[in-house]
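1. What follows is a predicted structure for the sequence shown.
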Amino acid sequence: MNLKTAIPDAAPLVLSLRSVGYTLETAIADIVDNSITAKATEIHIDVNWHEDASFISIMDNGYGMNDHELHQAMKIGAKNPIMPRGYDDLGRFGMGLKTAAFSLCKRLTVGSKHFGTNIICVRVWDIDNVVNSNKWELFDDSSTYAWNEAIRKFEGYNQGTIVVLEKLDRLITERYSDQAVSRFWQRIADMERHLSMVFHKFLSGTNPIQIFINGTKIEPWDPFMRNSFATQEFREEFVEMGDKNIRIHTFILPHHSKLSVKEYEDAAGASGWLEQQGFYV
C-alpha cells in the first residue's frame, strides 16, 4: 500500500472558507480575540466608507510578531488544536483571523511590529490572486490606498499588529445610495453593541482594555445589570463536576416597571431581552 499526496486546490478551498458562518459582529470579535491574546491594552477599530475603496482596520498595541511569526500566523490552520495552550489563549485552530476576514473581504493585509524593532513585517492574502493562480501565495508588501491610510497611525507604535480588510464584497453588497450607506453604518452600530457584550469582562475590572471604534470608546454592557437597585443578586454556589468546582452566580433582572425607557432599551443588549437571558460563561 502506497501513500498518495492529495493537496487541496487553493481556489475552491479559499472560496469555501468564505462561508463558514460568520457575521460582521462575530468576524470582528474573532479578530479582536487575537489582540487580547497578544496582551493588547488598546484596540482601535477604524471603519472607512469610500464606496469601492471602503476598508476596516483593527490596530492594537499588543506583542507584535517578527517576520517568521507573522508568516506562520497567516497560514491556513496555523495551530494544532490538540497542543497545550495558555489559559488566556482565545484561539484554537489558527483559522480565526483568516476565515473571519475572508467572510467579509477579498483582501486581508496584516502588518506587525515586534518590540525593540522599527520594522513592520507585512503579509497579504488576496483572494482574487489565489483564485487566478490556484496557489497559496502571500504578498509581503502592500501599496493600496487603504493600507497607506491605515499604516500612518500604526507607524508611531512601539509594538503591535494592524489588520486591514479591503474589497469588502460581503459587507457592501448593494449599489451605492443614501440607503446603502445608512444600512452600512447601522451594521457598524450593531457591531459595537455586540463587542460591548462579548468583551464586557475585558472592558471592565481592575485592568480593563480599551476598544475604540472610529475614536469612540466602547463601554462594557453588563448582562446582569449589577448597577441597578432593582436587580436581585444571589449568593454564589459551587457545583462539583468530577474533581472540579463550577462557580454559579445568579441574578434576576428588574421588572420593566422598575426601569426608565432608556435603561430598559440599554439593558436589552444587542439581541433583545429574551435572547440575552441565559448562562454566561
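-> That came in fine, so what should we check first?

2. give me the low-pLDDT residue ranges for the stretch 151-281 of the chain?
-> Across the stretch 151-281 of the chain, nothing is flagged by pLDDT under 70.

3. Just the helices from it, written as ranges.
-> 178-198, 200-203, 261-267, 273-276 (DSSP state H, counting those that start in this stretch).

4. Pull out the buried positions in the last one.
-> Of the residues in helix 273-276, those buried under the neighbour-count criterion (16 or more other C-beta atoms under 10 Å) are Gln276. The way it works is simple: take the backbone N, C-alpha and C, and place the C-beta from them, glycine included.

5. likewise the longest one?
-> When neighbours are counted by 16+ other C-beta under 10 Å, the buried residues of helix 178-198 are found to be Phe184, Arg187, Ile188, Met191, Glu192, Arg193, His194, Leu195, Ser196, Met197, Val198.

6. wait, what's in contact with the fourth one?
-> Contact analysis of Met191 by C-beta atoms under 8 Å, 6 or more residues apart in numbering lists Leu24, Glu25, Ile28, Ile213.

7. what's the closest of the helices of the stretch 151-281 of the chain to Ser103?
-> helix 178-198 (13.2 Å; C-beta to C-beta).

8. Take the helices of the stretch 151-281 of the chain and lay them out in JSON lines including distance to Ser133.
-> Converted to JSON lines, the helices of the stretch 151-281 of the chain look like this (distance: least, C-beta to C-beta, whole Å):
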{"stretch": "helix 178-198", "distance to Ser133": "31"}
{"stretch": "helix 200-203", "distance to Ser133": "40"}
{"stretch": "helix 261-267", "distance to Ser133": "49"}
{"stretch": "helix 273-276", "distance to Ser133": "43"}
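
9. per the record, what domains does this structure have?
-> 10-217, 232-276 (automatic domain parsing).

10. Would you format the buried residues of helix 178-198 as CSV with distance to Asn227 included?
-> Converted to CSV, the buried residues of helix 178-198 look like this (distance: C-beta to C-beta, whole Å):
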residue, distance to Asn227
Phe184, 33
Arg187, 29
Ile188, 27
Met191, 24
Glu192, 20
Arg193, 18
His194, 21
Leu195, 20
Ser196, 15
Met197, 16
Val198, 19
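
11. Strands of the stretch 1-150 of the chain, start to end?
-> 42-48, 55-60, 107-113, 121-126 (DSSP state E, counting those that start in this stretch).

12. for these, which one sits closest to Leu171?
-> strand 55-60 (8.1 Å).

13. Report the angle between that closest one and helix 178-198.
-> Going by axes from the mean of the first three to the mean of the last three C-alpha atoms, to 10 degrees, strand 55-60 is angled at 20 degrees with respect to helix 178-198.

14. What residues of strand 55-60 count as buried?
-> Buried residues in strand 55-60 (16+ other C-beta under 10 Å): Phe55, Ile56, Ser57, Ile58, Met59, Asp60.

15. just stretch 151-168 next, same as before
-> 151, 154, 157, 159-168.

16. Just the CA trace of it, in CSV.
-> Only the C-alpha atoms of stretch 151-168 are listed here, as CSV (Å, rounded to 0.1, in the frame of the first residue of the first chain):
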residue,chain,number,x,y,z
ILE,A,151,-0.3,52.4,8.3
ARG,A,152,0.2,56.1,9.1
LYS,A,153,-1.4,55.7,12.6
PHE,A,154,0.4,52.4,13.2
GLU,A,155,3.9,53.7,12.4
GLY,A,156,4.0,55.6,15.8
TYR,A,157,3.5,52.3,17.7
ASN,A,158,6.5,50.7,19.5
GLN,A,159,4.9,47.3,19.0
GLY,A,160,1.6,45.8,17.9
THR,A,161,-0.3,44.5,14.9
ILE,A,162,-2.6,46.0,12.4
VAL,A,163,-5.2,44.2,10.3
VAL,A,164,-6.7,45.8,7.2
LEU,A,165,-9.7,44.4,5.4
GLU,A,166,-10.3,45.6,1.8
LYS,A,167,-12.5,44.6,-1.1
LEU,A,168,-15.5,44.3,1.3
